[in-house]
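A.B. asks: When you get a sec, could you give me coordinates for this:
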Amino acid sequence: MRKRYFFIPLISIIVISGVLVWACKHPFGEGLSIINIGKKVDYSIEEGGPGYKGEIGKDVTNKIIRPDKVEVFPIKSGNDHYRIPTLIQLTNGDLLAFADKRIGSIGDVPKSPIETVYKKSTNNGKTWSQEKRISPPSTSKYLSYGDGAYCVDRKTGNIICLVIGDQGFMQSTPNNPIRTRLIIGRNNGSTWDDPIDITDKIYGVNCKDPVRKNWHGVFAASGNGVQLRNGRMLFVLNVRESADTFARNYVMYSDDGGGTWNVSKNAPQSSSGGDEAKIVELNDGTLLMAIRPKDIYQRRLAKSTDNGETWGPAEHRKDLPSSASNGDIIYYTSTLNGFDKDRIITMFDSRPWKVGGGSPPGDPVLYWSYDEGKTWKGRKMHSGNAGYSSLAILKDGSIGILAEIGGSWNGPIYFMRVNMKYLTSNADKGPFYTNQTATNNNSKVK
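C.D. replies: Residues are numbered from 1 along each chain as shown. Model (predicted):
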């Protein structure tokens, strides 16, 4: 009889636990997923290399495209200020231009209530739609949605957006952290899910990781994240591990379209610490991180050979003079995809700027590399004050730029479009699609 009464509650526990697991509410740990991704997809290795996959159009390769400025967001409209540009191309070829709408002042969190807004272009940036908001209204500077970081999931078409708010980065503590919220865009950006707070998955007193629960502040670098050929999506984190102001660059990543998130095991070592940074995947699967400088005004580059789990040292690059300003790096064309050259492009302010004095950030330069970051050449896109910038490859193969131009970190935010013919004064007449068979036989990505 004792055995019978023992097995009845045991069976009940097993059944209840099974139901909870099925509902993604495991009673003994974190759930399987925190969001509804939608259709299930196979995150397997893609053929070919990183970067642009489509065929370059003749209208791009046969003429020089000069960077004529089209205003997308004003510096100020009424009581609203606009900052923090990000440009993405959707899977249907449309462009979305995002920005912070900062209400009452241009200051960072928590100096003003911040909402995230966007405009859409269906004609390669010639014209833009009316402004739309993806975040809830911000009625308080302590409930904001700003400094957006974005990644388009090529498998589902979903737009993964991370925004921060409520607390300042330097004032953040494990008990009162700056918050990170996840917003999913669907149907080519026509619908947006309600924000989900994922702060506890990353760090803070409620985080289950014994190390990260003691971190003091974390935010994802605004602008573009990256999706690898194996489907993994990565964003670079700026992390204050303790109460001091020394920050490092860890990486957060998702292997299931944003449902669950993990953090890298280390950060690139540098005497200058970390700051906003971006990642690009190379042909062999190595990841290259480009980091905003702090004291030595040169871009810093670091590498990972295990999909971002661990990182080597960050090295200053004399051939990439850089202001302490945020900017993108993206893989443009890969020979593994049948193009004539490997091309990586990056853009950031080149004029040195430092806290407490000196020249304001400016003179943004677009650099390109034909050897996966070993050497660089560049061309100035604007002479004078500037701020953050973002890059995207358009559906016709040209390069799209969204940048704060004209003021030091305040815009307005302009769209520009160029190609390699312009950048190289006609020396690089491509890209050309050579119809070679795409292969990833040399890739180390797993």
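A.B. asks: What count of nearby residues applies to Asp94?
C.D. replies: Neighbour count of Asp94, defined by other CB atoms under 10 Å: 17. Where you see a C-beta, it was placed from the backbone N, CA and C, and this is true even at glycine.
A.B. asks: Pro174 too?
C.D. replies: 18.
A.B. asks: Please apply the same query to Lys429.
C.D. replies: For Lys429, the count of nearby residues is 14 (other CB under 10 Å).
A.B. asks: got it, and Ala324?
C.D. replies: Around Ala324 there are 19 other residues, counting by other CB under 10 Å.
A.B. asks: tell me the pLDDT at it?
C.D. replies: Note on Ala324: pLDDT of 87.
A.B. asks: Now it: which helix or strand?
C.D. replies: Here Ala324, judged by DSSP states H and E, is contained in no helix and no strand.
A.B. asks: can you tell me which residues contact it?
C.D. replies: By CB atoms under 8 Å, 6 or more residues apart in numbering, the contact set of Ala324 is Asp275, Arg292, Pro293, Lys294, Tyr297, Pro352, Trp353, Lys354, Val355, Pro361.
A.B. asks: quick one, phi psi at Arg212?
C.D. replies: Dihedral angles of Arg212 (phi, psi; degrees, to the nearest 10) stand at phi -70, psi -20.
A.B. asks: before we move on, the earlier item: which two of the contacts of Ala324 have the greatest separation?
C.D. replies: Farthest pair in the contacts of Ala324 (CB to CB) is Asp275 and Pro352. Separation: 14.3 Å.
A.B. asks: Derive a ChimeraX selection command for the buried subset of the contacts of Ala324.
C.D. replies: In ChimeraX, a selection of the buried entries from the contacts of Ala324 looks like this (16 or more other CB atoms under 10 Å):
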select :275,292,293,294,297,352,353,361
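A.B. asks: which among the contacts of Ala324 gets closest to Lys421?
C.D. replies: Using CB to CB, the contacts of Ala324 come closest to Lys421 at Pro361, 28.1 Å.
A.B. asks: can the contacts of Ala324 go into a markdown table with extra columns for pLDDT?
C.D. replies: Shown next, in a markdown table, are the contacts of Ala324 (pLDDT from 0 to 100):
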| residue | pLDDT |
| --- | --- |
| Asp275 | 93 |
| Arg292 | 94 |
| Pro293 | 90 |
| Lys294 | 84 |
| Tyr297 | 90 |
| Pro352 | 78 |
| Trp353 | 70 |
| Lys354 | 60 |
| Val355 | 58 |
| Pro361 | 90 |
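A.B. asks: Filter the contacts of Ala324 down to just the ones in strands.
C.D. replies: Under the assignment DSSP state E, those contribute nothing to strands.
A.B. asks: Which residue comes closest to Leu336 once chain neighbours are left out?
C.D. replies: Gly49 (2.9 Å; CB to CB, 6 or more residues apart in numbering).
A.B. asks: Look up the pLDDT of the one you found for me, please.
C.D. replies: Reported pLDDT at Gly49 in the predicted model: 89.
A.B. asks: Could you give the number of residues near it?
C.D. replies: 28.
A.B. asks: can you check Gly78 too?
C.D. replies: Number of residues near Gly78 (other CB under 10 Å) recorded here: 7.
A.B. asks: Could you measure from it over to Ser390?
C.D. replies: Here the criterion is CB to CB, to the nearest Å. By it, Gly78 lies 25 Å from Ser390.
A.B. asks: Equivalent analysis for Leu336, please.
C.D. replies: Per CB to CB, Leu336 is found 25 Å from Ser390.
A.B. asks: Could you check which of the two has the larger neighbour count?
C.D. replies: Between Leu336 and Ser390, counted using other CB under 10 Å, the more crowded position is Ser390 (28 against 23).
A.B. asks: What is the least confident helix or strand in this structure?
C.D. replies: helix 2-22 (a mean of 41; mean pLDDT, DSSP states H and E).
A.B. asks: sorry, back to before: correct me if wrong: the residue nearest to Leu336 contacts Ser334.
C.D. replies: Yes. Using CB atoms under 8 Å, Gly49 makes contact with Ser334 at a distance of 3.2 Å.
A.B. asks: Please enumerate the strands of the stretch 151-300 of the chain.
C.D. replies: According to DSSP state E, counting those that start in this stretch, the stretch 151-300 of the chain carries its strands in the segments 159-165, 179-186, 191-192, 196-197, 217-220, 223-224, 226-227, 233-240, 247-254, 262-263, 277-281, 287-291, 298-304.
A.B. asks: want to throw those into TSV with mean neighbour count and mean pLDDT?
C.D. replies: Converted to TSV, the strands of the stretch 151-300 of the chain look like this (neighbours: other CB atoms under 10 Å; pLDDT from 0 to 100):
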stretch	mean neighbour count	mean pLDDT
strand 159-165	27	98
strand 179-186	23	98
strand 191-192	15	98
strand 196-197	14	98
strand 217-220	26	97
strand 223-224	26	97
strand 226-227	24	96
strand 233-240	25	97
strand 247-254	24	97
strand 262-263	19	98
strand 277-281	26	98
strand 287-291	25	97
strand 298-304	21	96
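A.B. asks: would TSV of the ones you listed with distance to Gly407 be doable?
C.D. replies: Output for the strands of the stretch 151-300 of the chain, formatted as TSV (distance: least, CB to CB, whole Å):
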stretch	distance to Gly407
strand 159-165	23
strand 179-186	28
strand 191-192	29
strand 196-197	33
strand 217-220	23
strand 223-224	18
strand 226-227	29
strand 233-240	23
strand 247-254	25
strand 262-263	35
strand 277-281	23
strand 287-291	24
strand 298-304	22
